[in-house]
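Asks: My questions are about this predicted structure, shown below with the sequence.
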Amino acid sequence: MKISPEEVAKVAGLARLDLSDDKIELFSGQLDDILNYMDKLGELDTSDVEPMYSPVEHTTVLRADEPRKDYSRDEVLSNAPEQDGAFFIVPRIV
């Protein structure tokens, strides 16, 4: 598939890019190379290839969701600027 410099200029205009003529020619050649490569890949027989969403296998390692108590109430409240012994005291918002 051949992409013309006019098509590159049109797309650049839609993207509000101000490209010089040299850049338009450069990008036209690069995009043409990419599209030719995609055409070449399209010719491959992939009927026996299982589809995948990523070429890398992703595994999610999850820890067990077990409740635990790491700190006592007194330890947590000891860092609060204001507290009443059981809860944090915060300024009223409304």
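Replies: Cool, got the structure. Residues are numbered from 1 along each chain as shown.

Asks: Give the helix, strand or coil label for the residue most central in space within the chain.
Replies: The chain has residue 54 as the residue nearest its centroid, 13.4 Å off, counting by CA atoms, centre = their mean. Under the three-state scheme (DSSP: H, G, I helix; E, B strand; the rest coil), residue 54 adopts coil.

Asks: Check residue 47 and give its pLDDT.
Replies: On pLDDT, residue 47 comes in at 89.

Asks: right, I mislabeled it, should have said residue 29
Replies: pLDDT, residue 29: 93.

Asks: Next: residue 20.
Replies: On the pLDDT scale, residue 20 gets 94.

Asks: ok, it - how many residues close by?
Replies: 8 (other CB atoms under 10 Å). Backbone N, C-alpha and C define where each C-beta goes, glycine included.

Asks: Pick out the least confidently modelled helix or strand of this protein, by mean pLDDT.
Replies: helix 73-77 (a mean of 90; mean pLDDT, DSSP states H and E).

Asks: Listing request: residues of this structure with sub-threshold pLDDT.
Replies: Low-confidence segments of the chain (pLDDT under 70): 1.

Asks: quick one, what contacts the residue nearest to residue 7 when sequence neighbours are not counted?
Replies: In space, and not counting its chain neighbours, residue 7 is closest to residue 28: 7.8 Å by CB to CB, 6 or more residues apart in numbering. With contact taken as CB atoms under 8 Å, 6 or more residues apart in numbering, residue 28 is in contact with 3-5, 7-8.

Asks: Now do the least confident helix or strand of the chain: distance to the chain's middle.
Replies: Centroid separation for helix 73-77 versus its chain: 39 Å, with CA atoms, centre = their mean, to the nearest Å.

Asks: same deal with stretch 16-24?
Replies: Remark: stretch 16-24 is offset 28 Å from the chain centroid, using CA atoms, centre = their mean.

Asks: circling back: so which of the contacts of residue 28 is surrounded by the most neighbours?
Replies: Ranked by neighbour count (other CB under 10 Å), these have residue 8 at the top, with 22 neighbours.

Asks: I figured that residue hits residue 26, correct?
Replies: No: counting by CB atoms under 8 Å, residue 26 is not a contact partner of residue 8; they are 9.2 Å apart.
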